[in-house]
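Student: Give me a 3D structure for the following:
(2 chains)
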Amino acid sequence: MLQGKKVIAVGERDGISGPAIAACAKAAGADVVFVATECFV
Amino acid sequence: MDLQSQEAILKASQTHDKADLVVLLGSPDPESATIAAETVVEGDPSYAGALAGAQLGLLTYHVLEEEVHADIPDDVWEEQIGVMADVLEADALAETVAGFRNRS
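Tutor: Okay, the predicted model is just below:
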């Protein structure tokens, strides 16, 4: 599903971080085009 | 969602084919997942950022959804997600984000 896709990784501080999502997406063959870790208040 | 993130996502949607884009969320609860998914699918609900009124309709998943997990090698999943997959309510998060996919 992620192979060859352009991924926007929007993580969250209290959940799963952007870099962790990005690492997963890259390992699945996706190209990560944006990474952020939000702080939802 | 952060204003800078909204600007970057809008830019990404303009520079890449939208059909190739997938948004992966790491929200900790359904409330924040709703806001994040709504922002990238229907536009910023707070009308504060670049995505206000922008109905991008981007394909969006929570990273804990089974369809995403199935794509990620087990060793990477354990290293990057690990215990958070057990701590967070994956089913509720999946249901929340899937609801936005079905709308778009």
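
Student: Can you name the residues of chain A that neighbour chain B?
Tutor: Listed as neighbours of chain B in chain A under the rule Cβ under 8 Å from any Cβ of the partner chain: A:1-12, A:14-18, A:20-21, A:23-25, A:27-30, A:33-34, A:36-38, A:40. Glycine gets a C-beta too; all of them are placed from N, C-alpha and C.

Student: rerun that using 7 Å as the cut-off
Tutor: A:1-2, A:5-12, A:14-18, A:20-21, A:23-25, A:27-28, A:33-34, A:36, A:38, A:40 (Cβ under 7 Å from any Cβ of the partner chain).

Student: Now do the contacts for the residue positioned nearest the centre of chain A.
Tutor: Geometric centre of chain A, nearest residue: A:A9, 2.7 Å, by Cα atoms, centre = their mean. Taking Cβ atoms under 7 Å, 6 or more residues apart in numbering or on different chains as the criterion, A:A9 is in contact with A:G18, A:I21, A:A22, A:A25, A:V32, A:F34, A:V35, B:L24.

Student: List only buried entries from the residues of chain A next to chain B.
Tutor: Neighbour counting by 16 or more other Cβ atoms under 10 Å in any protein chain shown classes A:2, A:5-12, A:14-18, A:20-21, A:23-25, A:27-28, A:33-34, A:36, A:38, A:40 among those as buried.

Student: Next, count neighbours for the closest residue to B:E95 other than its chain neighbours.
Tutor: What sits nearest to B:E95 in space, not counting adjacent residues and going by Cβ to Cβ, 6 or more residues apart in numbering or on different chains, is B:P30, at 7.8 Å. By the criterion of other Cβ atoms under 10 Å in any protein chain shown, B:P30 has 18 neighbours.

Student: residues in contact with B:P30?
Tutor: By Cβ under 7 Å, 6+ apart, the contact set of B:P30 is B:A92, B:L93, B:T96.
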